[in-house]
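>>> have a look at this prediction, sequence included:
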There are 4 protein chains.
Amino acid sequence: MNRNANPIRSDIAWSTTDRITVRGRDLPGQILGHMNLGDFAFLQLTGREATPQQSAVFNAIIITLVEHGLTPSAIAARLTYSGAPEAMQAAVAAGISGLGSVFVGSMEDAARMLSEALPDPTDCFEAKLTEIARDQVAAYRQSNRILPGLGHPIHKPVDPRAPRLFEIAAENGMAGPYVRLIQAIAAEAERVHGRSLPVNATGAIGAICCEFGFPWRIVRGFCVMARAIGLVGHILEESERPIAREIWLRVDDEATAHLRPT
Amino acid sequence: MNRNANPIRSDIAWSTTDRITVRGRDLPGQILGHMNLGDFAFLQLTGREATPQQSAVFNAIIITLVEHGLTPSAIAARLTYSGAPEAMQAAVAAGISGLGSVFVGSMEDAARMLSEALPDPTDCFEAKLTEIARDQVAAYRQSNRILPGLGHPIHKPVDPRAPRLFEIAAENGMAGPYVRLIQAIAAEAERVHGRSLPVNATGAIGAICCEFGFPWRIVRGFCVMARAIGLVGHILEESERPIAREIWLRVDDEATAHLRPT
Amino acid sequence: MNRNANPIRSDIAWSTTDRITVRGRDLPGQILGHMNLGDFAFLQLTGREATPQQSAVFNAIIITLVEHGLTPSAIAARLTYSGAPEAMQAAVAAGISGLGSVFVGSMEDAARMLSEALPDPTDCFEAKLTEIARDQVAAYRQSNRILPGLGHPIHKPVDPRAPRLFEIAAENGMAGPYVRLIQAIAAEAERVHGRSLPVNATGAIGAICCEFGFPWRIVRGFCVMARAIGLVGHILEESERPIAREIWLRVDDEATAHLRPT
Amino acid sequence: MNRNANPIRSDIAWSTTDRITVRGRDLPGQILGHMNLGDFAFLQLTGREATPQQSAVFNAIIITLVEHGLTPSAIAARLTYSGAPEAMQAAVAAGISGLGSVFVGSMEDAARMLSEALPDPTDCFEAKLTEIARDQVAAYRQSNRILPGLGHPIHKPVDPRAPRLFEIAAENGMAGPYVRLIQAIAAEAERVHGRSLPVNATGAIGAICCEFGFPWRIVRGFCVMARAIGLVGHILEESERPIAREIWLRVDDEATAHLRPT
């Protein structure tokens, strides 16, 4: 097969006998002891060092994604651990595998809607945001789609994470056009639909990711890496006070009771 | 099936309509904007808030585990992403799945060796550490096992992460008996084997985990959650400048060249 | 939380102290020794026993999906195994994780195109198939999409699996309207595009799945379960004559050569 | 890095523009339409074609492993699917990830115990098997370990799969020394422990794998590939009549009820 080989290149890290370098920084000398984990994640993902303001906001959004209770993800990780406690990594992998459209979708969709509606954030006087908001709400209504990032099935009247994330963004000079745009969309949606539809955590994170200039596709990655931390916490608890076996037995008993002869 | 149901309980997090609480702290009010990601990971995993000293050391050891270049893990994640770019979470899951005995083993083994050799760290005057070190080296030699956490196939004469991690531990009052013990073991091993066998990064992390009082089984969890961050970085690079397809074509071409008719 | 609990039910299998039943058949008495693995898979998935004709065709399409050489999936599985040989299941899981849009996509798309273009297969005289084919080719051309299931990057002039699968289908009375439709689409595409575009294996399998009446979404499941068998084969070979480590070292060396100081 | 590159080779399959070959057989001409899925799995894994007797026995043992009800594996797969229905492969991967020591262990352990106790199966007159059985039971008793492959928590007085698998093995001339050995071990264990401890399905499969000459490590692979089929069945049912969401809500409600303010 006469194929011209393409080069294989990666710019993330390199090492020699005496040096270990990540994103151009000497790991022992310039990173260890000088950065926290959130800032290093920012460096690993973007190739840039976070400013103090970016650090504050980035750490807050990633932390928001770490732990969401006994989600399907956490239960799947615990069930997997109960079958293969010697391979904890496989349990985390199982838990991560379900972070798809249903749970990460609205965050991705919010980031995508905002970035596509306002491709150039430098060009946004207030009237324009209002106009975009009106257009978006109308477009979603017409195509019968749900606006992402608004309302919450449990947290009422308001998802308490959203105003706090906006507050942290504002304190750090990052509550810019995308944050104002999603708030304009929420206001317009409330006007049109005649009910309370405040921005929720996924909407807030979607908007703040746009403020950073992150592409919308990266949002899922934030969720995956954050949740990996949360899942390790669940697996540790499972190793000390297991619940997976009880979940299994209850489900198995109930699910096939109608089939078993009495 | 007349089984007595056991309770299903988790103490990590809870939420109501207006509150979200993780490890007893109000997420919006007490965590967001007040902690960095490393400190929150410490809280999620241990249920305790890290002291400033613990924060400095814990962030450093987790950061050390994030990025190790184009490891089998990173390549597997990139290959998986190339087949299912719409499911980035599955690519991270694939990369994590290989964090088993070969790559995480020596770190686990070092933590285990140290904690089992010195179950009570308050009971350790210097002569005792020397004695334990002598016994451990002899025991590993006799059973023909490799002492974990010493030497390095690439980083010579010394793995530069180890002295830096020990330095950070010392600056924060955490270079206690386990750090001294692994150094004593390294010294004894060098004496017995007649060649340089300095503590490497896995040995340093194993020892520092013992200083924290972490059980040795948790060490794999640290690695898994750290590497999830690193893998997201690799997948982002893969999405911008792919190498997986080239790796695939080269491997497939070469592997079966001896079978194909000429 | 005053929620009305919904029932948890599954109709696949049940067991008591002395009986084990799958899809209503006694496993020891009616299945073991009476069915081959492909037929049992058919029963597990559909709840029905395959006729001899269905058995012949179904076994052939699943077998076609088992082994495709050193694919990204197989390489990812081998790399994962090299890090965690004690957890072979995690290596298979890693390999399966990449069976997404890129590799399974054209098979799903072919099945979807055919079933949506011909919702009622009983209503299909030849002139109608020709008309549908013309419309489909025109529609894909207009929207600048690639017709799924036609042509092949490597297998030229024709993918040898496709005519063989059609032959097996015909021998078993299952080369019905969907098989004729994809062949009509191929003929029309060749006419319009002026080059050879024969039906490939994914197109043949897509069409035959429609003959069975399988929903297009099931096609990915066939691929996943078949490939699991193939991946176990690769992992066994890896355990005897490893290549993962060599792949890793080559990639790592080349990828960062441009960054390392000379 | 002046490393001598090692060759990368695989002997499983190869293809050219017009040929596709697996284990030396032409896929379209010699495999499709000529083998069932179980026989092709045997070929893929061993490189040999199964005799009719081997085919009967191999298909039976793999089928036995496909479906075990709502196991932790099946529930984890369903939960994962509920979060990422667009990535069914990730749900199967999650379900497979838990096939570790707890569920596959006793089968592996049985195969290992038998093959290590009787390394040369040609050398086994009856008295020798009785002696090995006595030694094994004594050894497990002394080290306080549970003999693998005997007894069953649910299936009493006897796991109905075991006698059926032995029957199929006998009908095909494969109820040789290992089958007799595990039965001798069961008899000795019943004598020593004074209670019924018949061979269960995992013991029967372990013994039959030894009859085939399979290494004990392969047993997990059989389980993984079989269960992948079973899990696709569960995911299809989940897509039609979901239970994952209900499991999630029940677990989440109950688990944190003790923490939530009343």
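Structure's in. What do you need?
>>> measure how buried A:Asp253 is and give me the count.
Using other Cβ atoms under 10 Å in any protein chain shown, A:Asp253 has 15 other residues around it. Glycine gets a C-beta too; all of them are placed from N, C-alpha and C.
>>> tell me the secondary structure at it.
Of the three states, A:Asp253 takes helix according to DSSP: H, G, I helix; E, B strand; the rest coil.
>>> what segments of chain A are strands?
A:13-15, A:20-22, A:25-26 (DSSP state E).
>>> taking the centroid of chain A, which residue is nearest it?
A:Cys223 (3.3 Å; Cα atoms, centre = their mean).
>>> tell me which of the strands of chain A sits nearest to C:Glu237.
Closest approach to C:Glu237 among the strands of chain A (Cβ to Cβ): strand A:13-15, 30.8 Å.
>>> is A:Asn59 in contact with B:Met35, as I believe?
Yes - A:Asn59 is within contact range of B:Met35, at 7.4 Å (criterion: Cβ atoms under 8 Å).
>>> more neighbours: the two, which one.
A:Asn59 (27 against 22).
>>> name the nearest residue to the more buried one, ignoring sequence neighbours.
Leaving aside its chain neighbours, A:Asn59 sits nearest to A:Gly38 (3.6 Å; criterion: Cβ to Cβ, 6 or more residues apart in numbering or on different chains).
>>> over to A:Gly151?
Per Cβ to Cβ, 6+ apart, closest to A:Gly151 is A:Leu197, 4.7 Å.
>>> run a quick neighbour tally on the one you found.
A:Leu197: 22 neighbours (other Cβ under 10 Å).
>>> again with A:Ile146
A:Ile146 has 11 neighbours, counted by other Cβ under 10 Å.
>>> quick check: closest non-adjacent residue to it.
In space, A:Ile146 is closest to A:Tyr140, 7.2 Å off (Cβ to Cβ, 6+ apart).
>>> again with A:Arg161
Per Cβ to Cβ, 6+ apart, closest to A:Arg161 is A:Ala201, 4.0 Å.
>>> follow-up on the earlier one: let me know which of the strands of chain A is tucked in deepest.
strand A:20-22 (a mean of 24; mean count of other Cβ atoms under 10 Å in any protein chain shown).
>>> in its sheet, what does that strand sit against?
Here strand A:20-22 is paired, per DSSP bridges, with strand A:13-15 (antiparallel), strand A:25-26 (antiparallel).
>>> quick one: contacts of it?
Contact with strand A:20-22 is made by A:12-15, A:26-28, A:31, A:43-44, B:66-67, B:155, B:160-161, C:259, as judged by Cβ atoms under 8 Å, 6 or more residues apart in numbering or on different chains.
>>> again, only this time at 10 Å
Strand A:20-22 has contacts (Cβ atoms under 10 Å, 6 or more residues apart in numbering or on different chains) with A:12-15, A:26-32, A:40, A:43-44, A:47, B:63-64, B:66-69, B:154-155, B:159-161, B:164, B:201, B:230, B:233, C:256, C:259-261.
>>> quick one: contacts for A:Pro72?
Shown in contact with A:Pro72 (Cβ under 10 Å, 6+ apart): A:95, A:98-99, A:102-103, D:75-76, D:78-84, D:244-245, D:247-249, D:251-252.
>>> who does A:Trp14 bridge with?
A:Thr21.
>>> could you check the pLDDT of it?
On the pLDDT scale, A:Trp14 is placed at 96.
>>> touching, it and A:Asp26? I think so.
No - with contact defined as Cβ atoms under 10 Å, A:Trp14 does not reach A:Asp26; the gap is 11.1 Å.
>>> just the ones of the contacts of strand A:20-22 in helices?
Applying DSSP state H to the contacts of strand A:20-22, the entries found in helices are A:40, A:43-44, B:63-64, B:161, B:164, B:201, B:230, B:233.
>>> where does chain A dip in pLDDT?
In the predicted model, chain A carries pLDDT under 70 at residues A:1-2.
>>> recalculate using a threshold of 50.
Residues of chain A meeting the criterion pLDDT under 50: A:1.
>>> now the helices: where do they sit in chain A?
Using DSSP H, helices in chain A cover A:37-46, A:52-64, A:72-83, A:88-97, A:101-117, A:126-142, A:161-171, A:177-193, A:201-212, A:218-240, A:244-255.
>>> relative to helix A:218-240, how tilted is the fourth one?
Pointing back at helix A:88-97 there. Here the directions of helix A:88-97 and helix A:218-240 differ by 130 degrees (axes from the mean of the first three to the mean of the last three Cα atoms, to 10 degrees).
>>> please apply the same query to the first one.
Helix A:37-46 and helix A:218-240 meet at an angle of 140 degrees, taking the same axes, to 10 degrees as the criterion.
>>> show me which residues of the stretch 51-200 of chain A are close to chain C?
A:80, A:83-84, A:86-91, A:93-94, A:97, A:154 (Cβ under 10 Å from any Cβ of the partner chain).
>>> B:Arg191: which of the residues you listed is nearest?
Distance to B:Arg191, by Cβ to Cβ, is smallest for A:Glu86 among these, at 34.9 Å.
>>> any idea how far B:Phe166 is from that closest one?
Distance, A:Glu86 to B:Phe166, using Cβ to Cβ, to the nearest Å: 30 Å.
>>> ok, those two, which is more surrounded?
When A:Glu86 is set against B:Phe166 and neighbours are counted by other Cβ under 10 Å, the residue ahead is B:Phe166, at 20 against 17.
>>> tell me who's in contact with the more buried one.
Per Cβ under 10 Å, 6+ apart, neighbours of B:Phe166: B:174-175, B:179-180, B:182-183, B:199, B:204, B:207-208.
>>> mind putting those in CSV, neighbour count and distance to chain D included?
What follows is the contacts of B:Phe166, written out as CSV (neighbours: other Cβ atoms under 10 Å in any protein chain shown; distance: Cβ to the nearest Cβ, whole Å):
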residue, neighbour count, distance to chain D
B:Met174, 21, 32
B:Ala175, 20, 34
B:Val179, 22, 32
B:Arg180, 18, 35
B:Ile182, 31, 29
B:Gln183, 20, 30
B:Val199, 28, 24
B:Ala204, 29, 24
B:Ala207, 31, 28
B:Ile208, 26, 29
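>>> for these, work out which two are farthest apart.
Going by Cβ to Cβ, the pair spanning these furthest: B:Met174 and B:Val199, at 15.3 Å.
>>> can you count the residues close to A:Gly173?
Neighbour number of A:Gly173 under other Cβ under 10 Å is 12.
>>> do A:Ile154 as well
Neighbour tally, A:Ile154, other Cβ under 10 Å: 11.
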